[in-house]
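J.: I need the structure of the sequence given here:
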Amino acid sequence: MLRNDHQVDERGIEQAFDDAGAQTLARRTDLRARGVREQLSLAPAAERTLANGDRIAWRSGLEVRRHRKRGDIHWSTSLGPELDHTDYRQRTDLRLLQLRNELAWTHGFASGARLETKLNLDGNRERTRYREDADGRDGARNLEEATDSRLDVRNHALSGKYSFAVRGAHTVQAGWDLGQDRRSERRVQRLAEFPGFPGALTDQSFDARIRRSAAYLQDEWSPTPRWSLYLGARWERIDIRSAGSDFAPLRNDAQLLTPVLQSLWKLAADQRLRLGLSRSYRAPELRELTPRPYTSTNNRALDPDRQGNPELRPELATGLDLAYERDWGEAATLSVGGYARRIEDFIGESTRLLDGRWVASPSNTGDASSHGLELDGKLSLAKLRKRAPDLDIGLQFNRHWSRVDAIPGPDNRVDRQPRYTGGLSLDYRPAPHWTLGASYTHRSGGPVRTAAREIEAQTPKRELDAYALWKRSDDAQLRLTLTNLLRQDGGESFEYLDEGQRLRQQRWRKSTLGVRLEWQVGF
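T.: Sure, this is the predicted structure:
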């Protein structure tokens, strides 16, 4: 059982400047939010090996969650037009029941062939009660909204693979993955009428079905003892259908047949070189396709409505991966690699003025490219030297470069990709039942141009976490986790280059220390 109390304190400013550099807008924002999340989780599992050697495994998960949140926002404008709603309050009560079931069966044949299958049956029920109200500059109430929604999701999937050996050092593997998700949402929104603000009763219900199909055939061939090839093909298809009370029925169907080529060279007993060529696609998510607007309280270029685009096409990516690996027994491992991607029909988001309201929606903006370097290393001092402390050290570093062709530079990177990320982890075992550890991660910040008229920026992010683990037995352990020990406040900004003016919004969020105590018992 878990209870999490959290709070958010955020302050921000909005500014605008004309082409001559004169300031035309000055606005301050103060946001406070408090929330409580209560969660109960159960994860039973069972496994059995039959007399014929077959293995059957069952895993299940039950989660009951309630999340209550209250928040308020105050806007004060000292220069420029006043907002319609200056004091805003919001209350949310969400209840979630989620159930997961997985049944796996593994069968070995006398010929050496192997069959693995997996059946997943999942579902969740979500009930949300949302209330908001706001006052104008004169202190009079001018907004009251009540939204109640019921969301039911059912998922089932069947996957598996069959592998067998053939002559000539070949191992053939065939696999499949079939799945269907059904979503049904009943959402009613009531908007009270005030002078200058019309009331409304809106039914925003919808039903959706998502079918996924995939199959692949792969041949693992070893021409020499030091060289292995993986050759094959993969076919994927996704079919999305949705219909709602406030939008026309939509269908998005995409499929792709791609080759698979991977190669492994064993340069020596402790050195390897990997090469992979791939072609993959990313289908749009349901929320990106649904043309339902999610309206903002004070609609403007810096806070637009959100709306999907049913005409989105999948992203297609052609990639090359190369990595060098070396290990020193169990004492240390090192991996240095690089990648390159060329993306067609890249999906990006942009903000436009439509029918008097600012709306942000996704679209296929054209081609994009990315490449990078990756380093990963691990070291175990106790396995390197007999009398060394039982300390494991991990190191990661990634450097990325990317650009979207249709967006002018500089900083026109893909998916707000950071320039670099890095991390260091330590795990120390001072006694048989104790483990102490810490991890530090760093993520670069800076500006990213997400559209021709839009620029986002974030401050660099540094995080330090630590934990202490006492393992009483194989089935019982106590864990204390401390997160965000540096308590670095986060900052971000958003700029919109409008005709004749430059709009800028900056926000700073206060950081808090996280403490978590867990007692885990297995049966």
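J.: which residues in the stretch 51-200 of the chain form strands?
T.: Taking DSSP state E, counting those that start in this stretch, the strands of the stretch 51-200 of the chain run over residues 55-79, 87-108, 114-135, 141-166, 170-191, 200-203.
J.: out of the ones you listed, which gets nearest to Tyr467?
T.: Distances from Tyr467 to each of the strands of the stretch 51-200 of the chain were compared using CB to CB; the shortest belongs to strand 55-79, at 22.7 Å. Every residue, glycine included, has its C-beta placed from N, CA and C.
J.: skip the chain neighbours and tell me the closest residue to Arg209.
T.: Spatially, and ignoring its direct neighbours in sequence, Arg209 is nearest to Arg241 (5.0 Å; CB to CB, 6 or more residues apart in numbering).
J.: wait, Arg443
T.: The spatial neighbour of Arg443 that comes closest, neighbours along the chain excluded (CB to CB, 6+ apart), is Lys461 at 4.3 Å.
J.: dump the residue contacts of that neighbour.
T.: Contacts were defined as CB atoms under 8 Å, 6 or more residues apart in numbering; by that measure Lys461 touches 441-443, 445, 488, 490.
J.: from Gln204, how far off is it?
T.: 35 Å (CB to CB, to the nearest Å).
J.: what's stretch 415-435 in contact with?
T.: 370, 389-402, 413, 436-446, 448, 450, 456, 467-472.
J.: taking the residues you listed, please make a ChimeraX selection of just the buried ones.
T.: This is the ChimeraX syntax for the buried subset of those, where burial follows 16 or more other CB atoms under 10 Å:
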select :370,391,392,394,396,397,398,399,400,402,413,437,439,440,442,443,444,448,450,456,467,469,471
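J.: restricted to strands, list the contacts of stretch 415-435.
T.: With DSSP state E as the criterion, strands contain 370, 391-402, 436-443, 446, 448, 450, 456, 467-472 from among these.
J.: output stretch 103-119 as PDB, restricted to C-alpha atoms.
T.: In PDB, the C-alpha atoms belonging to stretch 103-119 read as follows (Å, rounded to 0.1, in the frame of the first residue of the first chain):
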ATOM      1  CA  LEU A 103      -0.300 -16.700 -19.000                       C
ATOM      2  CA  ALA A 104       2.900 -18.100 -20.600                       C
ATOM      3  CA  TRP A 105       3.500 -21.600 -22.000                       C
ATOM      4  CA  THR A 106       6.800 -23.000 -23.200                       C
ATOM      5  CA  HIS A 107       7.100 -26.300 -24.900                       C
ATOM      6  CA  GLY A 108      10.200 -28.100 -26.200                       C
ATOM      7  CA  PHE A 109      10.100 -30.700 -29.000                       C
ATOM      8  CA  ALA A 110      12.200 -33.800 -29.300                       C
ATOM      9  CA  SER A 111      13.800 -32.400 -32.400                       C
ATOM     10  CA  GLY A 112      15.200 -29.500 -30.400                       C
ATOM     11  CA  ALA A 113      12.600 -27.000 -31.600                       C
ATOM     12  CA  ARG A 114      11.000 -24.600 -29.000                       C
ATOM     13  CA  LEU A 115       7.600 -23.000 -28.900                       C
ATOM     14  CA  GLU A 116       6.900 -20.000 -26.600                       C
ATOM     15  CA  THR A 117       3.400 -18.400 -26.300                       C
ATOM     16  CA  LYS A 118       2.000 -15.700 -24.200                       C
ATOM     17  CA  LEU A 119      -1.600 -14.600 -23.600                       C
END
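J.: residues of it that come out buried?
T.: Buried residues in stretch 103-119, counted by 16+ other CB under 10 Å: 104, 106-107, 116, 118.
J.: how far off centre is it?
T.: Counting by CA atoms, centre = their mean, to the nearest Å, stretch 103-119 is centred 32 Å from the centre of its parent chain.
J.: that older thread, the residue nearest to Arg209 belongs to a strand?
T.: Yes: counting by DSSP: H, G, I helix; E, B strand; the rest coil, Arg241 is located in a strand.
J.: give the bridge partners for it, please.
T.: On the basis of DSSP bridges, Arg241 takes part in beta bridges with Arg209, Arg251.
J.: show me the shaky parts of the chain.
T.: Applying pLDDT under 70 to the chain flags the ranges 522-523.
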